[in-house]
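Visitor: Next input, structure requested:
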Amino acid sequence: TEALLEDNSTAEEEVEEADESEAEAEEEEEEEEEPTKALLEENSTAEEEVEGADESEAEEEETEEPTEALLEDNSTAEEEVEEADESEAEAEEEEEEEEEPTKALLEENSTAEEEVEGADESEAEEEETEEPTEALLED
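Guide: Numbering: from 1, shown residues only. Here you go, the predicted model:
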């Protein structure tokens, strides 16, 4: 009986030692897993940041596209305004060229009117001087 008790006691000690060894092994394994868990969390966070950056970049590209289109529209509008300004300047120049002969004719007309008025005055003066001469001749 004593031998069995000793064997039982020894077996219990061996079980306790095995339990302690198993507990230590589990503890060590957990300690080894902690950095791995931390690295997995960091990796997950980094992936989320990359996804966020990708989304931001995609949104930025989406907003750049309309901006580029607006810039092209603006450029086209500026070209159209320049062409309209050039056409207007040409039209004004042509109008001025057409007005020049008219101005010249108006000046000639004015000069002719002055000459006619001058001739009328000379004729009137001549008539005034002729009347006394005729009267004197009659006398």
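Visitor: hey, where'd the helices end up in this protein?
Guide: 2-138 (DSSP state H).
Visitor: shaky segments in it?
Guide: 132-133, 135-136, 139 (pLDDT under 70).
Visitor: now do 80
Guide: Within the chain, the ranges that satisfy pLDDT under 80 run 1, 4-5, 32-33, 35-36, 61-66, 99-104, 124-139.
Visitor: what about E128, neighbour count?
Guide: Using other Cβ atoms under 10 Å, E128 has 9 neighbouring residues. For the C-beta atoms, the positions are set from N, CA and C on the backbone; glycine is no exception.
Visitor: how close does it sit to E92?
Guide: Relative to E92, E128 is positioned 52 Å away (Cβ to Cβ, to the nearest Å).
Visitor: now do E31
Guide: Taken as Cβ to Cβ, the span from E31 to E92 is 91 Å.
Visitor: Next: E65.
Guide: For E65, the distance to E92 equals 41 Å [Cβ to Cβ].
Visitor: Please apply the same query to G118.
Guide: From G118 across to E92, the span is 38 Å (Cβ to Cβ).
Visitor: Quick one: residues in contact with stretch 45-52.
Guide: The contact list for stretch 45-52 (Cβ atoms under 8 Å, 6 or more residues apart in numbering) is empty.
Visitor: how far out from the middle of the chain is that stretch?
Guide: 32 Å (Cα atoms, centre = their mean, to the nearest Å).
Visitor: Ok, stretch 92-106 next?
Guide: That offset, for stretch 92-106, works out to 44 Å (Cα atoms, centre = their mean).
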